[in-house]
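*Asks:* Build the 3D model from these lines:
(2 chains)
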Amino acid sequence: MMWSWIPGNWSLIWQLTWENTKLGVLPALYGLVISLPLGVLAARWRWVYPPVLTVVNVLYAVPSLALFIALIPAFGLTDTTVIIALTVFSLCVILPNVVAGLRGVPAAVTQAATAMGYGPLRRLVTVELPLAVPVILAGLRVGVVASISLASVGQLIGVSSLGYLFIDGLQRSFPTEIYVGLFLVIVLALVCDLILVAVKRALTPWAPRPERRQRLRRRQLAEAS
Amino acid sequence: MSFFSWAWDWVTTDAYWHKPGWQGSGSIPQQLVAHLGYSALPLLIAALIAVPAGVWIGHRGGKGAVVVINIGNAWRAIPTLGLLTLLAVFLGFSPLTWLLPLVVLAIPPILVNTYEGVAAVDPGVKDAAAGMGMTPWEQVTRVEVPNALPLILVGLRTAAIFVVATATIAAYIGLGGLGRFIIDGLASDEYGPVAGGALLVVILAVLVLALFAGLSRLVIPAGLRKQAKTE
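*Replies:* Modelled structure (predicted):
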């Protein structure tokens, strides 16, 4: 480990980190935006889902490098190629969770909403989707983490990301560069993961939090004794 | 020309099937067999580690859940390319260099799915097994594992697909397999072998999917098959 390399290459490291963030976060967000309507359709009309799930499983089996390569004739060696490919993978991870989340809403809840006079759209937006948030965000978390990690493979077709540090480090037999790249990819992924945990808390204020649940249990124990 | 016409032209060119091949990269059948070998070994090692671990944690129940799911999620953040290049710098071209990253890649899906499968076995079924006088070992091997098989197979399938896909990247540090065509093609700016190699990897991955679909028919107990279908 050569610590002095880091301050000397600060601007390179910063630029690669920014590019890797873009290549990891955008696909996950696009994947979410596409999954939501598809998931709503698949949850509503059950026969739609099995064929969609088969397509998703097959797409998910396509190696990321192969998908990058297949998109080169259409989009060239650009960010777009990597972002589209990673969007496809995020979609494959997020869509099953959207469907599972919507299907997991208890029937009594949807019936109560209907009885209160909610139309299908209002019920979806104000009742079903909020209740499905924890499951949908669990899928989004996996999608973001995987995209950030896979974005580095884009370097093999020349799209700049933290993967540059791996390849340059290998060619120069300079492990410091690879350590820095590994560290930054993992930290980036974990930071995005933690942000999504915070988003989940903000969107589901009714869900019991671990600390609060513990405090409650302690109070119950105290009252019992 | 589109991806498929490039890929098709390259794959169907007779020379790549018989001769030592394009730029000494080996023939297609030779690299296909190599690719399967490079994928099977790490998958086997990962299964030997992650299945017993997942069964044990799932059987014990309790706090294991949070730990397994969070570690499984964080583990996914490790970029395989980074691990591969790091080991290549230190160990050169030793078997460990490509084996270790692929094992690391395959462990989380197997571990998390095995754990979830075993932990989700109906408590009533477990109680019945204990009530029939089964020893803890019999309860695990004859009740909990068979009931968890659908999810264990999903985990193995996901891991197998990850490994087959990522063995391609291992060609970057000089490993054989189908990635050879892709990496050498990229290095010399020839799209034919790149597209052809990619197409072959995709076909291999889809074959792995089909293999696991068949396998689940064979090994999943009849009573669970209906349940597996709806998932």
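*Asks:* Determine the longest helix present in chain A.
*Replies:* In chain A, assigned by DSSP state H, the helix with the most residues is helix A:10-44.
*Asks:* quick one: buried residues of it?
*Replies:* Neighbour counts over helix A:10-44 (16 or more other CB atoms under 10 Å in any protein chain shown) mark A:13, A:16-17, A:19-21, A:23-28, A:30-32, A:34-36, A:38-40, A:42-43 as buried. Any C-beta I mention is one placed from the backbone N, CA and C, and that applies to glycine too.
*Asks:* show me where pLDDT drops low in chain B?
*Replies:* Applying pLDDT under 70 to chain B flags residues B:1, B:14-25, B:62, B:225-231.
*Asks:* can you give me the helices in it?
*Replies:* In chain B, the segments counted as helices under DSSP H are B:3-11, B:15-18, B:28-60, B:64-75, B:80-91, B:95-119, B:123-131, B:136-138, B:145-166, B:179-187, B:191-219, B:222-230.
*Asks:* likewise chain A?
*Replies:* Under the criterion DSSP H, chain A contains helices at A:5-8, A:10-44, A:49-61, A:64-75, A:79-103, A:107-115, A:120-123, A:129-151, A:163-171, A:175-203, A:210-224.
*Asks:* ok, now which ones touch the residue most central in space within chain B?
*Replies:* Residue closest to the average C-alpha location in chain B (CA atoms, centre = their mean): B:A160, at 1.7 Å. By CB atoms under 8 Å, 6 or more residues apart in numbering or on different chains, the contact set of B:A160 is B:39, B:43, B:106, B:208, B:212.
*Asks:* Grab the nearest non-local neighbour of residue 139.
*Replies:* Just so you know, I chose chain A. A:N97 (3.0 Å; CB to CB, 6 or more residues apart in numbering or on different chains).
*Asks:* not quite, I wanted chain B
*Replies:* B:A129 (4.7 Å).
*Asks:* how much space between A:I167 and A:F89?
*Replies:* In this view, A:I167 and A:F89 are 21 Å apart by CB to CB, to the nearest Å.
*Asks:* Ok, B:L44 next?
*Replies:* B:L44 sits 25 Å away from A:F89, taking CB to CB as the criterion.
*Asks:* Looking at those two, which has the bigger crowd around it?
*Replies:* Neighbours per residue (other CB atoms under 10 Å in any protein chain shown) separate B:L44 from A:F89, with A:F89 holding more: 21 against 12.
*Asks:* For the more buried one, list the residues it contacts.
*Replies:* By CB under 8 Å, 6+ apart, the residues touching A:F89 are A:27, A:31, A:59-60, A:64, A:67, A:143, A:146-147, A:150.
*Asks:* can you tell me which of the residues you listed are up against chain B?
*Replies:* A:60, A:64, A:146, A:150 (CB under 8 Å from any CB of the partner chain).
*Asks:* from memory A:V98 sits against A:I136, does it?
*Replies:* Yes: with contact defined as CB atoms under 8 Å, A:V98 reaches A:I136; the gap is 5.3 Å.
*Asks:* Now for the two: what residues contact both?
*Replies:* A:G39.
*Asks:* residues contacting the closest residue to B:P101 other than its chain neighbours?
*Replies:* Closest residue to B:P101 apart from its sequence neighbours, by CB to CB, 6+ apart: B:L83 at 4.3 Å. B:L83 makes contact with A:182, B:100-101, B:104 under the criterion CB under 8 Å, 6+ apart.
*Asks:* Tabulate those (a markdown table), appending neighbour count and distance to B:V66.
*Replies:* Shown next, in a markdown table, are the contacts of B:L83 (neighbours: other CB atoms under 10 Å in any protein chain shown; distance: CB to CB, whole Å):
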| residue | neighbour count | distance to B:V66 |
| --- | --- | --- |
| A:L182 | 24 | 25 |
| B:L100 | 17 | 27 |
| B:P101 | 28 | 27 |
| B:V104 | 15 | 21 |
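*Asks:* what's the farthest-apart pair in the residues you listed?
*Replies:* The largest separation in the contacts of B:L83, counting by CB to CB, is between A:L182 and B:L100 at 13.6 Å.
*Asks:* where's the residue lying closest to B:H35 once chain neighbours are set aside relative to A:S161, distance?
*Replies:* Closest residue in space to B:H35, ignoring its immediate chain neighbours: B:G177 at 3.7 Å, by CB to CB, 6+ apart. Look at B:G177 and A:S161: by CB to CB, they are 24 Å apart.
*Asks:* In contact with B:L99, which residues?
*Replies:* B:41-42, B:45.
*Asks:* pull the helix or strand with minimum mean pLDDT from chain A.
*Replies:* Using mean pLDDT, DSSP states H and E, the weakest-scoring helix or strand in chain A turns out to be helix A:210-224, at a mean of 66.
*Asks:* related to what we said a few turns ago, name the member of the contacts of A:F89 with the shortest distance to chain B.
*Replies:* A:A146 (5.8 Å; CB to the nearest CB).
*Asks:* Is it correct that that closest one is in contact with A:L91?
*Replies:* No: counting by CB under 8 Å, A:L91 is not a contact partner of A:A146; they are 11.7 Å apart.
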